[in-house]
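Participant: Build me a model from this:
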Amino acid sequence: MTKLSVNINKIATLRNSRGGDTPNVVQFAKDVQEFGAQGVTIHPRPDQRHIRYQDAYDLKPVVYTEYNVEGNPIPEFVEMVLKIKPTQVTLVPDAENAITSNAGWDTIKHKGFLTEIIQEFKQNDIRTSVFLDPNIRQVNGAKAIGADRIELYTEAFAHQFFLGNKEAVIPYSECGEQAIQLDLGLNAGHDLSLKNIQFFKRHVPGLLEVSIGHALISESLYLGIDNVINMYLNKLK
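Facilitator: Got it, this is the predicted structure:
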């Protein structure tokens, strides 16, 4: 079964909009795990507009499933990850002013930088994943830099699937097959939803984990968080 990791950034955004501590991100992380989620994902950004660095520390004692911390490996991020030692760190090449993640790494162009960062995390027993566009060359590059896993950036698939183009999954299927050949773990995330997750799961081999936040929280406004998490789990079987 593919694991479901719930990205709770949107909960922090809602909290920050009123300046208080409601909803509480620590309690929400506890709840999604109680409801069946197999992981919690956060993606702190330098401006801390949703998840704050302090949240990353506060969540560490309560996440008993997989704790996945995403972000651009700037010095402050690297320092935080090394102190927290989550289950997994996912490296994402975010620009500081990006609203959300919008591209994967060029693992060939940034080979030296990424290799050094990954070695440091692996020496501290932190599984490292690299955010990638669905491109075979980049998958090969991820193997060359020593990544444990890759996370495929799925916005292009989600957009095309919405338009009725189911062949948009083909590059992801090919990358999944290549990852298996290279003994790379495979994750995926970005704009996956209840409408497209089952199709994606069925057509992408070796899918170990999906990280879903925006769609899952939005769907939960209508259907309830407990119900939605279990709907995802059923589709990921």
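
Participant: Spit out the contact partners of the residue nearest to the spatial centre of the chain.
Facilitator: By C-alpha atoms, centre = their mean, the chain has its centre lying nearest to Ser211, at 4.2 Å. Contact criterion C-beta atoms under 8 Å, 6 or more residues apart in numbering gives 5-7, 39, 41, 68, 70, 90, 151, 187-189 as the residues in contact with Ser211. Using the backbone N, CA and C atoms, a C-beta is placed for each residue, glycine as well.

Participant: Among the residues you listed, which one has the most neighbours?
Facilitator: Neighbour tally across the contacts of Ser211 (other C-beta atoms under 10 Å): the maximum, 32 neighbours, falls on Val6.

Participant: Pretty sure it sits against Gln38.
Facilitator: No - judged on C-beta atoms under 8 Å, Val6 makes no contact with Gln38 at a distance of 9.0 Å.

Participant: Quickly name whichever of the contacts of Ser211 is closest to Ile108.
Facilitator: The shortest gap between Ile108 and any of those belongs to Glu151, at 17.6 Å (C-beta to C-beta).

Participant: before we move on, what SS does the closest one have?
Facilitator: Of the three states, Glu151 takes strand under DSSP: H, G, I helix; E, B strand; the rest coil.

Participant: got the contact list for it?
Facilitator: If you count contacts by C-beta under 8 Å, 6+ apart, Glu151 has them with 90, 129-132, 187-189, 211.

Participant: which one of the contacts of Ser211 sits closest to Gln119?
Facilitator: Among the contacts of Ser211, Thr90 lies closest to Gln119 (C-beta to C-beta), at 16.4 Å.

Participant: so what's the closest one up against?
Facilitator: When contacts are counted by C-beta under 8 Å, 6+ apart, Thr90 touches 41, 68-71, 128-131, 151, 187, 211.

Participant: Dump the residues you listed into a markdown table; add distance to Phe113, pLDDT and secondary structure as well.
Facilitator: Supplementary listing: the contacts of Thr90 in a markdown table, determined by distance: C-beta to C-beta, whole Å; pLDDT from 0 to 100; DSSP: H, G, I helix; E, B strand; the rest coil:
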| residue | distance to Phe113 | pLDDT | secondary structure |
| --- | --- | --- | --- |
| Thr41 | 23 | 98 | strand |
| Asn68 | 21 | 98 | strand |
| Val69 | 19 | 98 | strand |
| Glu70 | 17 | 97 | strand |
| Gly71 | 15 | 95 | strand |
| Thr128 | 13 | 98 | strand |
| Ser129 | 16 | 98 | strand |
| Val130 | 12 | 98 | strand |
| Phe131 | 14 | 97 | strand |
| Glu151 | 18 | 98 | strand |
| Asn187 | 21 | 98 | strand |
| Ser211 | 23 | 98 | strand |
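
Participant: Check which helix or strand Leu221 maps to.
Facilitator: Per DSSP states H and E: Leu221 is located in helix 214-223.
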